[in-house]
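Colleague: Structure, please.
(2 chains, ligands or ions: 1)
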Amino acid sequence: MKPTPEHLLWMYEKMIEIRAYEETMAKVYMEGKLPPKIQKGLAFDIGAGPVPGEMHLAAGQEPVAVGVCAHLGDQDSVVGAHRSHHFAIAKGVPLDAMTAEMFGKDTGLGRGKGGHMHLFHVPTRFSCSGIVGASAPQACGAALAARKLGTDSVAVAFFGEGAANQGAFHESLNLAAVWKLPVVFVCEDNKYGISVEKSVSTAVASNASRAAAYGMPGVLVERNDAIDVYAAAGAAIARARRGEGPTLIEVKTDRYFGHFQGDPENYRPKGEGAALRQDDPIARLAAALRGAGLLDDGREHVLRMRIAGRIESAFAYGRQSPYPAARDAFEHVFAD
Amino acid sequence: MQESSKDGAVRTLTMAQAIAEAIGQEMERDPSVFVMGEDIGRYGGIFSATTGLLDRFGPERVMETPISETAFMGAAVGAAAEGLRPIAELMFVDFFGVCFDQIYNHMAKNCYMSGGAVKLPVVITTGIGGGYNDAAQHSQCLYASFAHMPGLKVVVPSNAYDAKGLMIQAIRDNNPVVFCYHKGIMGLSWMSYFEGSTNAVPEQAYAIPFGKARVVREGSDVTIVTLSQMVHKAALAAEQLAGEGISVEVLDLRTIVPLDREAVLASVARTGRVLVADEDYLSFGLSGEIAALVAEHLDTVPLRAPVRRLAVPDVPIPFSRPLEQAVIPQVESIADAVRGLMEAGKPINSLLQGAPA
Ligand SMILES: Cc1ncc(C[n+]2csc(CCOP(=O)(O)OP(=O)(O)O)c2C)c(N)n1
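Modeller: Next up is the predicted model:
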């Protein structure tokens, strides 16, 4: 399946937006966390600054998000994991409320209750979780609902290659296959589960091969490339919409930052993060677009200005919005 | 206490260093001890509880696991049944949901169901607690959930000295022990913490028996029963209250299974007032247990004021800083609760008494 020019341009714009978002977040996240603002003995205070808590960034993994989400509409569900900004942005989750959530503000997606690992946006059917392996069963549920309600919606579960060793992953694949659910499982193989290399945690070279055990197609996308992911995801999503059941896709991708911000990265060869950036999928797509006459300096400039504006306003919104009142902690334990 | 010369050389260690040292010494002493878990090798554990062990003992005894908690917790059960002594780390206590069956239906019960024939000397280590905005899936304490299941011992240290001695005891115990360390007192270079948790630790191995609470500070007006990071908050509150003429005794439980009921009752008998300060959820948990214990002994332990409890008021831990600060008991809320106790009957003017209607 070849992307249309509209889809190519959309993927390009979204990749730049995701990258710019993550690079901005990497800077903002460090505000207030370093000396001299912090007490003695500390190198870095994870709980300080305007965006406290853990922060897992997805720069480098943009092709997976845009290649899949290019085929999805608001009616389709996406369930992500702890590293989910790229999926949220590609799925169309509003940037302002998403950012405000990470600042813990009342205007955030979850009124400040969830934070960066727990983003929920009902209108675009987006959710994610800090529990590794939790996405696959919930995507099965969304797919089951689509079938019961008679819609042609599909559900996508995103997760890392580390999560593919969870029982929940294997149970979900079997369930989806026996029930022929309209679900696509997308595994991002960025080589590491925190510090643990895939070769240490996983007995097969590619998770795509595990699909065979569950009677579903398994597709390996070997290159961290938006067009390649687009093709694989397009076929899988079309198959799911036709009622032919689930597919498992694994994409070999790259995580440019550490597992979380502040990660000493003592498990990876020095300079690996920087080396990976030499083969940037955004630059590659830009070259393809220019070759096809879809992009020139003028359009590139306009596009980048537009994205910079969106990001700037999202972070300003996050900063300027009010915190919830302490008493609000008691709201929403139960639904009305 | 900790400076006695028979313990040999004494240095100051963080709680993380003390735990790693205890594990290393026991691994040296007993070849059946091994460690497994996520990121416990080269990384040294996300909370540094296994730093240096891979280099010393190699990958056969310091085993990196896949993110397959049911498999490795179950493997701990199976290996322990064969006579090994596994230490299994699952970095955040919040993640136990995915492998709880192996723990509460097997690890906790097989000894009992086998009429004592099967022994499972497993230590599970895990990080607990919030205070740094990691939200509802990464900030819980949950030790009372383990304590609720018969068959599991539950250790919750507050400082490096205790952590080392309790870890050695845990490894030598023939039962499954859940060892919960609060991230905010490990002495990590990336998280602010309470300095009192880093203290003098003898080099030599020593064991601290379970079920022996420690009086952190003596007092005559009010007993604060507490544990883990809250010990340090309670001590700060006590210091503040001393300036106001209120004498507070702080009791660190150290283990909740077994629970040192005698120490609680003896202290409350002296002071006549009790506040339980707990970072776990309020209802059906540790604070209720302590309150019930006192209530059951009112004939011999008369109170001058009703029992008070401060705990997370039955809401998941919120991400946003002002919300999190409000639901986790703080030094100021502990001090307020004690002041309220001193004027018996005066309600605590605090959010932490529970959700408004
Ligand atoms: C059930 C559970 N176990 C462990 C963790 C801790 N943890 C968070 S992310 C992570 C690694 C995940 O690796 P992978 O699935 O490959 O995703 P990536 O981080 O590479 O995107 C681990 C072990 C968790 N959050 N949940």
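Colleague: Chain neighbours aside, what residue packs nearest to residue B:306?
Modeller: Excluding the flanking residues, the one nearest residue B:306 by C-beta to C-beta, 6 or more residues apart in numbering or on different chains is residue B:344, at 7.0 Å. C-betas here are computed from N, CA, C, even on glycine.
Colleague: And the one you found, how close does it get to residue B:219?
Modeller: Going from residue B:344 to residue B:219 by C-beta to C-beta, to the nearest Å gives 17 Å.
Colleague: With residue A:264 instead?
Modeller: For residue A:264, the distance to residue B:219 equals 43 Å [C-beta to C-beta].
Colleague: okay, the two: which has more neighbours?
Modeller: The neighbour comparison of residue A:264 against residue B:219 (other C-beta atoms under 10 Å in any protein chain shown) goes to residue B:219, with 22 against 13.
Colleague: So which elements touch the helix or strand encompassing residue A:229?
Modeller: Residue A:229 belongs to helix A:226-241 when elements are defined using DSSP states H and E. Secondary-structure packing of helix A:226-241 (3 or more C-beta pairs under 8 Å, 6 or more residues apart in numbering or on different chains; DSSP states H and E): helix A:5-30, helix A:62-69, strand A:183-189, strand A:218-221, strand A:247-252, helix A:281-291.
Colleague: let's see it at 10 Å
Modeller: Counting contacts by 3 or more C-beta pairs under 10 Å, 6 or more residues apart in numbering or on different chains; DSSP states H and E, helix A:226-241 packs against helix A:5-30, helix A:62-69, helix A:135-149, strand A:155-160, strand A:183-189, strand A:218-221, strand A:247-252, helix A:281-291.
Colleague: got the angle for the last one vs helix A:62-69?
Modeller: Read it as helix A:281-291. Interaxial angle, helix A:281-291 versus helix A:62-69 (axes from the mean of the first three to the mean of the last three C-alpha atoms, to 10 degrees): 60 degrees.
Colleague: Walking through the stretch 101-250 of chain B, point out its helices one by one.
Modeller: For the stretch 101-250 of chain B, applying DSSP state H, counting those that start in this stretch gives helices covering B:110-113, B:143-147, B:160-172, B:229-242.
Colleague: Please convert those helices to CSV, extending it with mean neighbour count.
Modeller: Formatted as CSV, the helices of the stretch 101-250 of chain B follow (neighbours: other C-beta atoms under 10 Å in any protein chain shown):
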stretch, mean neighbour count
helix B:110-113, 15
helix B:143-147, 24
helix B:160-172, 25
helix B:229-242, 23
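Colleague: Which of those sits closest to the ligand?
Modeller: Closest to the ligand of the helices of the stretch 101-250 of chain B is helix B:143-147 (C-beta to the nearest ligand atom; 16.0 Å).
Colleague: Does chain A have contacts with the closest one?
Modeller: No - Helix B:143-147 does not reach chain A (C-beta under 10 Å from any C-beta of the partner chain); its nearest approach is 16.1 Å.
Colleague: before we move on, back to that, so which of the helices and strands packed on helix A:226-241 comes closest to residue B:332?
Modeller: helix A:5-30 (28.4 Å; C-beta to C-beta).
Colleague: Buried residues, that closest one. List them.
Modeller: Neighbour counts over helix A:5-30 (16 or more other C-beta atoms under 10 Å in any protein chain shown) mark A:7-12, A:14-22, A:24-25, A:28-30 as buried.
Colleague: restrict the residues you listed to contacts with the ligand.
Modeller: By C-beta under 6 Å from any ligand atom, no member of the buried residues of helix A:5-30 lies near the ligand.
Colleague: Check what pLDDT residue A:36 gets.
Modeller: What the model reports as pLDDT for residue A:36 is 67.
Colleague: err, residue B:1, not the other one
Modeller: Here, the pLDDT recorded for residue B:1 equals 44.
Colleague: now swap in residue B:345 and tell me
Modeller: On the pLDDT scale, residue B:345 gets 52.
Colleague: how about residue B:164, what does it touch?
Modeller: The contact partners of residue B:164, taken as C-beta atoms under 10 Å, 6 or more residues apart in numbering or on different chains, are B:2, B:13, B:15, B:17-23, B:25, B:157, B:201-203, B:205-208.
Colleague: Of those residues, grab the buried ones for ChimeraX.
Modeller: Of those, the buried ones go into a single ChimeraX selection, burial set by 16+ other C-beta under 10 Å:
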select /B:2,13,15,17,18,19,20,21,22,23,25,157,201,202,205,206,207,208
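Colleague: Now for the chain, the helix or strand with the poorest mean pLDDT.
Modeller: Picked chain A for this. Sorting the helices and strands of chain A by mean pLDDT, DSSP states H and E puts helix A:272-276 at the bottom, at a mean of 93.
Colleague: do the same with chain B
Modeller: When each helix and strand of chain B is scored by mean pLDDT, DSSP H and E, strand B:10-13 comes last, with a mean of 94.
Colleague: what angle separates the next helix or strand after that strand from helix B:160-172?
Modeller: Next helix or strand after strand B:10-13 toward the C-terminus (DSSP H and E): helix B:15-29. Helix B:15-29 runs at 30 degrees relative to helix B:160-172, counting by the same axes, to 10 degrees.
Colleague: State whether residue B:120 and residue B:106 are indeed in contact, as I suppose.
Modeller: Yes - counting by C-beta atoms under 10 Å, residue B:106 is a contact partner of residue B:120 at 8.4 Å.
Colleague: and the stretch 201-350 of chain B, which residues reach chain A?
Modeller: So far as C-beta under 10 Å from any C-beta goes, the stretch 201-350 of chain B lies against chain A at B:312-327.
Colleague: Would you quantify the distance from the residue in the stretch 101-250 of chain B that chain A sits nearest to to residue A:33?
Modeller: Using C-beta to the nearest C-beta, the single residue of the stretch 101-250 of chain B nearest to chain A is residue B:132, 3.2 Å away. With distances taken as C-beta to C-beta, residue B:132 is found 11 Å from residue A:33.
Colleague: Pull up the overlap in contacts between these two.
Modeller: A:45-48, A:52, B:190.
Colleague: ok, of those, which come out buried?
Modeller: Buried members of these, scored by 16+ other C-beta under 10 Å, are A:45-48, A:52, B:190.
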